[in-house]
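In: fold the following, please.
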Amino acid sequence: MSNVLLAKQPILSGDQTIYGYELLYRSQAAFDKFNGDLATVEVMINAFLNIGIDQLAGSNPVFINFTENLIHHDVISRFAPSDIVIELLEDIPLTEELKKRICSLSSDGYRIALDDVTPELFREWHEAEMIKYLTFIKIDFLSTSDKEERKMIAEMVRAHYPHVLLLAEKVETIEEFQEARHSGYHLFQGYFFMKPKVMETFEIPSYYLTYVQLIQQIEHRDFDLQKIAKIIQNDLSLSYKLLKLINSPAYRRNNRINSIERAVVLLGQTEIKKWLYVLALRDSMQHSQMQGIDALVKSSYYRAKMCENLAEVIAPQLSQEAFLIGYFSQLPVILRQPLERLIEALSLDELIETALKGKPSLLTDIYQLAVAYERVNWMKIDQLTDKLSLNNEKVYDAYHEANAWLLELFR
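Out: Residues are numbered from 1 along each chain as shown. Below is the predicted model of the structure:
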């Protein structure tokens, strides 16, 4: 589990209402070697996937810095023109290739901002007839300290490009704000209004999400080997491990197996299950610094199988959901995150969510009985077996089978 950091700074209109936000890269590493391409990608992933753009900006646009490399990358097309403003850094050379790219992005509806514009940079873009493709021009009030220069840029923009919005950034005093307003600037950003606010959330490790996908497929009643193979093929590490396993001496193959789909078919549902559970356990242990992580993960597996066994007796149609409730039950402790955040991140089925939250339901009772047996809480066991109309022998059989399965799994 890793924490995700991102900063946002509001961009305000003249009446100081929020127009949008600039998103800024932040790292937990004190001495990170800065990589502009990586920073931009991290900002986009964190904003749109990990934190959520609605939570960050509501319906307001977000300004994202793009490097020379990324401006030419297809990654931009993954985002709607209404969601982002492409902010071009001032040090990107105005090449013929960049001109074509800007024309293309503009025709696709993307708004483009040119950052840290000086009189020289304005003149270069004006002579190249490229300012007409811009929506915003940003002037840094900290680095462009000459008031006359700032005023001159504003006058040239108003005279030649009335459609372009002037954005005064790094405004730090009331005097600078008043100057910018009087000079015709439309938008304002800087410490005078608000410092960048660091947003923090979490990211579920990609290995865990892959296992969740696979386990949900494997536990499905209509087990589909082709779907399993497709998920594994999308993960280089899992593909390598599977081919290594199927070609190991333990499986005594005469010919090497080089196809993921073939490997999945040869292993079959039972072996694939066992293999995935063990890998998930090992990776959880490797990625966590928590003491006793192995016991917690094994507890998840016991609960999963116990819930499944009980559901097979009471409501067989719910056995898949029952398994997943047990499997996910220790996840908040293992990943050290609140249950609500994990439920949202994993998009869990409503039946599973209800039981994990302890709300009244048949699956909640099944899960609580599995936990009561694990904790040897006889009062709770008696209460729930009566409620579920189960006899003690059937519950003990379910418990015994779950423990036998667990021992076999980690043998």
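
In: low-confidence bits of the stretch 101-250 of the chain, can you list those?
Out: 145, 197-209, 212, 216, 219-221, 236-237, 240-241, 244-245, 247-250 (pLDDT under 70).

In: ok, the stretch 301-411 of the chain next?
Out: Using pLDDT under 70, the stretch 301-411 of the chain drops low at 335, 345-347, 409-411.

In: who touches Ile92 in this structure?
Out: Thr67, Glu68, Ile71, Leu98 (CB atoms under 8 Å, 6 or more residues apart in numbering). Bear in mind the C-beta positions are built from the backbone N, C-alpha and C, glycine included.

In: okay, and which of those map to helices?
Out: Glu68, Ile71, Leu98 (DSSP state H).

In: apart from its neighbours in sequence, what residue is nearest Arg158?
Out: In space, and not counting its chain neighbours, Arg158 is closest to Gly184: 5.5 Å by CB to CB, 6 or more residues apart in numbering.

In: ok, the one you found touching Ala154?
Out: Yes. Judged on CB atoms under 8 Å, Gly184 makes contact with Ala154 at a distance of 5.1 Å.

In: between the two, which contacts overlap?
Out: When contacts are counted by CB under 8 Å, 6+ apart, Gly184 and Ala154 are jointly contacted by Leu166.

In: okay, the two: which has more neighbours?
Out: Neighbours were counted for Gly184 and for Ala154 using other CB atoms under 10 Å; Ala154 has more, 20 against 12.

In: quick check: closest non-adjacent residue to that one.
Out: Per CB to CB, 6+ apart, closest to Ala154 is Ser183, 4.5 Å.

In: distance of the one you found from Glu120?
Out: 19 Å (CB to CB, to the nearest Å).

In: more crowded one of these two?
Out: Between Ser183 and Glu120, counting by other CB under 10 Å, Ser183 is the more crowded of the two (18 against 9).

In: about what we covered before: Lys138: which of the ones in helices among the contacts of Ile92 is nearest?
Out: Proximity of those to Lys138 (CB to CB) peaks at Ile71, which lies at 15.9 Å.

In: do you know how far that closest one is from Leu114?
Out: Distance of Ile71 to Leu114, given as CB to CB: 12 Å.

In: find residues that contact each of those two.
Out: Common neighbours of Ile71 and Leu114, counting by CB under 8 Å, 6+ apart, are Leu88.

In: more crowded one of the two?
Out: Leu114 (27 against 21).

In: mind listing the helices for the stretch 151-300 of the chain?
Out: In the stretch 151-300 of the chain, the helices defined using DSSP state H, counting those that start in this stretch lie at 174-182, 206-218, 225-233, 236-246, 260-287, 293-314.

In: for Lys359, find the nearest of these.
Out: The nearest among the helices of the stretch 151-300 of the chain, by CB to CB, is helix 293-314 at 15.9 Å.

In: any buried residues in the closest one, and which?
Out: For helix 293-314, burial by neighbour count (16 or more other CB atoms under 10 Å) applies to 293, 296-297, 299-314.

In: just give the closest residue to Lys8, not the sequence neighbours.
Out: According to CB to CB, 6+ apart, the nearest residue to Lys8 is Tyr21 (4.4 Å).

In: helix or strand: which one has the one you found?
Out: strand 18-25 (DSSP states H and E).

In: from Met156, how far off is the residue nearest to Ala154?
Out: 12 Å.

In: mind listing what Gln189 touches?
Out: Gln9, Pro10, Ile11, Leu12, Glu22, Leu167, Ala168, Glu169, Lys170, Val171.

In: hang on, isn't the second one packed against Pro196?
Out: The reference is to Pro10. No. The pair Pro10 / Pro196 is not scored as a contact, 9.2 Å apart, by CB under 8 Å.

In: with neighbour numbers in mind, choose between those two.
Out: Neighbour count, other CB under 10 Å: between Pro10 and Pro196, Pro10 has more, with 20 against 17.

In: phi and psi next, for the more buried one.
Out: phi -70, psi 150 (degrees, to the nearest 10).

In: possible to save the helices of the stretch 151-300 of the chain as JSON lines with distance to Val371?
Out: Formatted as JSON lines, those follow (distance: least, CB to CB, whole Å):
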{"stretch": "helix 174-182", "distance to Val371": "59"}
{"stretch": "helix 206-218", "distance to Val371": "20"}
{"stretch": "helix 225-233", "distance to Val371": "30"}
{"stretch": "helix 236-246", "distance to Val371": "31"}
{"stretch": "helix 260-287", "distance to Val371": "20"}
{"stretch": "helix 293-314", "distance to Val371": "7"}
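
In: just the ones you listed: most buried one?
Out: Among these, helix 293-314 has the highest mean neighbour count (mean count of other CB atoms under 10 Å), at a mean of 22.

In: and the next helix or strand past that helix?
Out: Next helix or strand after helix 293-314 toward the C-terminus (DSSP H and E): helix 319-328.

In: that following helix to helix 293-314, inter-axis angle?
Out: Angle, helix 319-328 to helix 293-314, by axes from the mean of the first three to the mean of the last three CA atoms, to 10 degrees: 160 degrees.

In: got the buried residues for helix 319-328?
Out: So for helix 319-328, counting by 16+ other CB under 10 Å, buried means Ser319, Gln320, Glu321, Ala322, Phe323, Leu324, Ile325, Gly326, Tyr327, Phe328.

In: ok, so of these, who is nearest Glu148?
Out: For the buried residues of helix 319-328, the nearest to Glu148 is Phe328 (63.4 Å; CB to CB).

In: looks like the closest one contacts Glu353 (just checking).
Out: No. Look at Phe328 against Glu353 with CB under 8 Å: they stay out of range, at 9.6 Å.

In: over to the residue nearest to Ile86 when sequence neighbours are not counted. Which of the three states is it?
Out: Distance criterion CB to CB, 6+ apart; nearest residue to Ile86, sequence neighbours excluded, is Ile112 at 5.0 Å. Assigned with DSSP: H, G, I helix; E, B strand; the rest coil, Ile112 falls in the strand class.
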